[in-house]
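Novice: got a predicted model here, sequence first, then my questions.
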Amino acid sequence: MDLIVNCSSEIMGEINAPPSKSYTHRALIISSLAKGTSRIYNPLTSEDTMSSLKACESFGTEIRMSNDMYCIKGNNGVLKTPKDIINVGNSGTTLRIMTSVAGLSKNYSIFTGDDSLKTRPMQYLLDALKPLGVDAVSSKNDGMPPIIVKGGFNGGKTFINGNVSSQFISSILIASPYANDTMQLSVKGEFISKPYVDITMDIMQKFGVKTNFDVNENTFIIEPSHYVARDYNIEGDFSSASYLIAATAILGGELTINNLFKDSKQGDKYILDIISQMGVEVIIKKNSVVIKSNGQIEGIDVDLSNAPDLLPTIAVLGALSNGYTNIFGVEHARFKETDRITACATELKKLSVDVTENYNGLTIKGGVKSGIVNSHNDHRLVMALSLIGLKKNIYICDADAYSVSFPNYLKVMSNLGCSIICK
């Protein structure tokens, strides 16, 4: 499916933020491991989160779905052996978290996915799991999926580099309460994307597991325990809301977005600081935010080391701003659904944007023209590029990837008065 995005006028209105993908993944998996039956309210139902749900079912978890609630009967850490290979599609989060969870099984599990997922690095996680008793290997011996996991999560001490993916850390933490002995995980070097690990620890604690982090030693310590079922409400997603926030910033108008919490642990809440620096008025309330803009924004310098998923959005804002935008600290964005640094530079150049690709980010001079671009089969790139079309008509090829994280994106944008046509 392709998208034609036409110029639109200012945005006015009030909407609810889409549910958080990060929180939905973690709440689904943790409640599947819990003792008792949990109810997850307001979950995100998307391609990625369905990969986690189906993976949990493959290990014997019983899940009933309704429109706005999942009822999950947990297995208390006792996993059945999957009947078949588990295909997680394009969901790197599912693959990485469930690789450690599969270590709680007594037998073998095999994970695979689509062509993009098979390029995602896994070796750091596989190496970190080995001292804990989990024998997990790449079937092609190249550090990438398919991944074969032999159960045996004993616990003990291990370490992992902190500058590749926080999902590796979250993965080990989520499975560790069911290890036979205390688990100690030391993070070596720079600790990037820590807010995602904060989300993980927050949900673990909400489901009854105490988490300890020694700041001086940069070490997580998890004692043997178990999750306790509960009712849990998924908060709104700042990552997905960033496109709505950015659309208001560039078109002008006033938009209230509900279900975005002032005290959220999401790293992508940083989008509010960024657009404020660009000249947009931001009013932060307890459970909502209000965005007011005249449609004129200024380029800034921005460190995205703790919010790499914002890269495509900020790159587009830079292309539509006055002056220069320098994005840095985001070299780990090269290991997402695609190399997002190169992908952003490639597509912006097609629209006559003056952009320089750096090893850890982009330097962008504001100024953009209409044109034809490609999605690279990356949901975040699709939605970010669509923002340019609201100011300069563009055509996006192979654009249906947005359903990975924001399945009703087109409907939401249409309700806000934006013209996006499927072809």
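Specialist: Everything's here; your move.

Novice: need the contact list for the closest residue to Asp378 other than its chain neighbours.
Specialist: Using CB to CB, 6 or more residues apart in numbering and skipping the chain neighbours, the partner closest in space to Asp378 is Glu337 (4.4 Å). C-beta coordinates here come from the backbone N, C-alpha and C atoms, glycine included. Counting by CB atoms under 8 Å, 6 or more residues apart in numbering, Glu337 makes contact with Asn90, Gly92, Ser116, His376, Asn377, Asp378, His379, Arg380, Ala401.

Novice: for Lys391, state which of the residues you listed is nearest.
Specialist: Among those, Arg380 lies closest to Lys391 (CB to CB), at 18.8 Å.

Novice: can you check my assumption that the closest one lies in a strand?
Specialist: No. Counting by DSSP: H, G, I helix; E, B strand; the rest coil, Arg380 is not part of a strand but helix.

Novice: sorry, back to before: which one (most neighbours) among the contacts of Glu337?
Specialist: Arg380 (31 neighbours; other CB atoms under 10 Å).

Novice: is the residue nearest to Asp378 within a helix or a strand, and which one?
Specialist: Using DSSP states H and E, Glu337 is not contained in any helix or strand.

Novice: how close does it sit to Ala307?
Specialist: 16 Å (CB to CB, to the nearest Å).

Novice: same thing with Ser225?
Specialist: Distance of Ser225 to Ala307, computed by CB to CB: 31 Å.

Novice: who does Asp354 form a beta bridge with?
Specialist: Beta bridges link Asp354 to Lys365 when assigned by DSSP bridges.

Novice: verify the stated contact: Asn107 with Ile148.
Specialist: No. Taking contacts as CB atoms under 8 Å, Asn107 lies outside contact range of Ile148: 11.2 Å.

Novice: have a look at those two and say which one is more surrounded.
Specialist: Ile148 (19 against 12).

Novice: ok, the more buried one - contacts?
Specialist: By CB under 8 Å, 6+ apart, the contact set of Ile148 is Tyr108, Ser109, Ile110, Ala136, Val137, Ser138, Ser139.

Novice: show me where the protein has helices.
Specialist: Here the chain has its helices, by DSSP state H, at 21-33, 47-58, 92-102, 123-129, 166-175, 194-206, 238-251, 270-277, 311-319, 340-350, 379-389, 409-415.

Novice: nearest to Lys286, of these?
Specialist: Among the helices of the chain, helix 270-277 comes nearest to Lys286, with 14.0 Å by CB to CB.

Novice: list the contacts of Ser20.
Specialist: Counting by CB under 8 Å, 6+ apart, Ser20 has contacts Leu44, Ile234, Glu235, Gly236, Asp237, Phe238, Ser239, Gln266.

Novice: surely the second one is in contact with Tyr41?
Specialist: Yes. With contact defined as CB under 8 Å, Ile234 counts as touching Tyr41 (6.8 Å).

Novice: could you list the domains of this protein?
Specialist: Domains of the chain are assigned by automatic domain parsing as 3-18+236-422, 21-233.

Novice: list the beta-bridge partners for the residue nearest to Ile15 when sequence neighbours are not counted.
Specialist: With sequence-adjacent residues excluded and distances taken as CB to CB, 6+ apart, Ile15 is closest to Ile257, at 6.0 Å. Per DSSP bridges, the residues bridged to Ile257 are Ile15, Val289.

Novice: quick check: pLDDT value at Ile257.
Specialist: We have a pLDDT of 98 for Ile257.

Novice: from what I see, it and Val289 are in contact.
Specialist: Yes. The pair Ile257 / Val289 is scored as a contact, 5.4 Å apart, by CB under 8 Å.

Novice: report the set of residues contacting both of the two.
Specialist: Counting by CB under 8 Å, 6+ apart, the residues touching both Ile257 and Val289 are Ile245.

Novice: the two: which has the busier surroundings?
Specialist: Val289 (24 against 21).

Novice: quick one: residues contacting that one.
Specialist: Ile245, Thr256, Ile257, Leu260, Leu272, Val282, Ile283.

Novice: what is the neighbour count of the fourth one?
Specialist: Meaning Leu260. Leu260: 26 neighbours (other CB under 10 Å).

Novice: same question for the second one.
Specialist: Using other CB under 10 Å, Thr256 has 18 neighbouring residues.

Novice: got the helices of the chain as a markdown table, with mean pLDDT columns?
Specialist: What follows is the helices of the chain, written out as a markdown table (pLDDT from 0 to 100):
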| stretch | mean pLDDT |
| --- | --- |
| helix 21-33 | 97 |
| helix 47-58 | 96 |
| helix 92-102 | 97 |
| helix 123-129 | 97 |
| helix 166-175 | 96 |
| helix 194-206 | 95 |
| helix 238-251 | 97 |
| helix 270-277 | 98 |
| helix 311-319 | 98 |
| helix 340-350 | 97 |
| helix 379-389 | 96 |
| helix 409-415 | 94 |
